[in-house]
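Chemist: Provided below are the primary sequence and the corresponding predicted coordinates.
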Amino acid sequence: MRHLSVPSAQTQTWLDFCKSNGWLFSEAGVHPLEGGRKGIPLLDNAPIAGDSVWQGMPEVMVDGRVKGPSHWTQRLDEEIFKKMESEWPAAFEVQGDLQIVKIEPELQQFESNIAEAMLHQSPNIRVICADEGVQGDFRIRKLRVVQSRDGNESTLTRIKENGYSLWVDPSKVYFSIRLSTQRINTVTSAKNLSQRLGRGIVVCDPYAGVGPSMGALLAEDGLVSGYHVGDLNPQAVELLQMNIEHLVTKSSSSSFSPATIRCADATKWAMDNELVESCDLLLVNLPHDSISHLPELIPLLKKGDTTVLRGWAIIDKDEFESQKQLIIEAIEKTSAIIESVTIEEIKGFSSSKCFACFEVWLSRPI
């Protein structure tokens, strides 16, 4: 059985993390390992060994003390299982108490059996949803509720990540649990910038979605002094408002200035006098368009002090240098002085493209 090997002192932290993401195999106990480490039992849907979400923690295979079936298909009627033995869904995604699975047309006659088995296997799951593909400009998934444990078919759910919680609705807004490590890295960059400046920083996140990056940043005492956040998707902004209000109440800071949330086209933000030259840290997460939007976004960065631009993009694997040059050219056109530029692959996107993170430290002359 798959187990995540973690230091004994971090066992509860990783248990909570795996449980909140729906990756913990709750029917098996924590397994003692050599060297004072503990093995946390994982479900099949947990990310593969070496995924960045594990933050370098290794995976081991050990015989777990299993209390029941280790896979949801083992809960299917034997006759039904054999009918489609090689066709059952191999993976699914968990967000909060929602479990999302792609059910191919040939399996739709058995979808109630699939849902019942999945609910029985995972007692923390409330609703099983069929994923019918991404639609629209906002990359929203079309979800169909197959079965609910308690009759509540709402797709609004709450997820826990890195010590904070967020309201999420995957039927209304795109959200990726797999980017949690990137959000931790953003906090590291923000701390370095804050130390350089000797003060709290103002963050601008025009593509905030439901606000996961702000969740990570606001969880750090004294790191953020103010923020401008928003999204073009009005349904995302509704959830963003809920999440920011909750995060602010949990923060040790008594007030933030500026503190704005808006539903607007990010490329028009610099036309607003309240936003132009307003932030120390600018986050750009619109992967298909991040680099092309930079000329309209860079004016949001303050002048006179060191600032940081951090973004994510989908890039052809053989065009790293040319895309890096486009980033540099967009910044240099504003007469900014570039201190450093880094761009690195995070994960594959297709056979020819990858998902990458870029970060630029710069200063804009007054």
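Modeler: Received it, and whenever you're ready, just let me know what you need. Because the structure is predicted, anything quoted here is derived from the model rather than measured. Numbering: from 1, shown residues only.
Chemist: hey, let's count contacts and neighbours off CA atoms from now on
Modeler: Fine.
Chemist: Poorly predicted segments of this structure, please.
Modeler: The chain contains residues with pLDDT under 70 at 64-67.
Chemist: most distant residue from the middle of it?
Modeler: What lies farthest from the middle of the chain is Glu79; by C-alpha atoms, centre = their mean that is 39.1 Å.
Chemist: Am I right that it sits in a helix?
Modeler: Yes: read with DSSP: H, G, I helix; E, B strand; the rest coil, Glu79 is one of the residues of a helix.
Chemist: That one and Ser70, how far apart?
Modeler: Between Glu79 and Ser70 the computed distance is 19 Å (C-alpha to C-alpha, to the nearest Å).
Chemist: same thing with Asn21?
Modeler: From Asn21 to Ser70 the distance is 17 Å (C-alpha to C-alpha).
Chemist: same check, this time on Leu232
Modeler: Noted for Leu232: a distance of 42 Å to Ser70, by C-alpha to C-alpha.
Chemist: Same question for Arg310.
Modeler: Using C-alpha to C-alpha, Arg310 is found at 41 Å from Ser70.
Chemist: Could you do Asp265 as well?
Modeler: 47 Å.
Chemist: Tell me which of those two has more neighbours.
Modeler: Counted by other C-alpha atoms under 10 Å, Asp265 and Ser70 do not tie: Ser70 has more neighbours, with 19 against 13.
Chemist: for that one, helix, strand, or coil?
Modeler: coil.
Chemist: Quick check: phi and psi on the nearest residue to Ile184 once chain neighbours are set aside?
Modeler: Distance criterion C-alpha to C-alpha, 6 or more residues apart in numbering; nearest residue to Ile184, sequence neighbours excluded, is Ala216 at 6.8 Å. Per-residue torsions, Ala216: phi -70, psi -40 (degrees, to the nearest 10).
Chemist: now do Ala208
Modeler: The phi/psi pair for Ala208 (degrees, to the nearest 10) is phi -70, psi -20.
Chemist: Isn't it up against Gly230?
Modeler: Yes: contact criterion C-alpha atoms under 8 Å: Ala208 and Gly230 qualify, at 5.6 Å.
Chemist: what touches both of these two?
Modeler: Among the neighbours of Ala208, those also in contact with Gly230 (C-alpha atoms under 8 Å, 6 or more residues apart in numbering) are Leu240.
Chemist: between those two, who's got more neighbours?
Modeler: Under the criterion of other C-alpha under 10 Å, the comparison of Ala208 against Gly230 puts Gly230 first, with 27 against 24.
Chemist: any idea which helix or strand carries the more buried one?
Modeler: Assigned by DSSP states H and E, Gly230 falls within strand 224-231.
Chemist: tell me what that strand is packed against?
Modeler: strand 201-205, helix 234-250, strand 259-263 (3 or more C-alpha pairs under 8 Å, 6 or more residues apart in numbering; DSSP states H and E).
Chemist: any chance of the ones you listed in JSON lines, with distance to Pro58 and mean neighbour count too?
Modeler: Output for the helices and strands packed on strand 224-231, formatted as JSON lines (distance: least, C-alpha to C-alpha, whole Å; neighbours: other C-alpha atoms under 10 Å):
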{"stretch": "strand 201-205", "distance to Pro58": "33", "mean neighbour count": "24"}
{"stretch": "helix 234-250", "distance to Pro58": "32", "mean neighbour count": "18"}
{"stretch": "strand 259-263", "distance to Pro58": "40", "mean neighbour count": "17"}
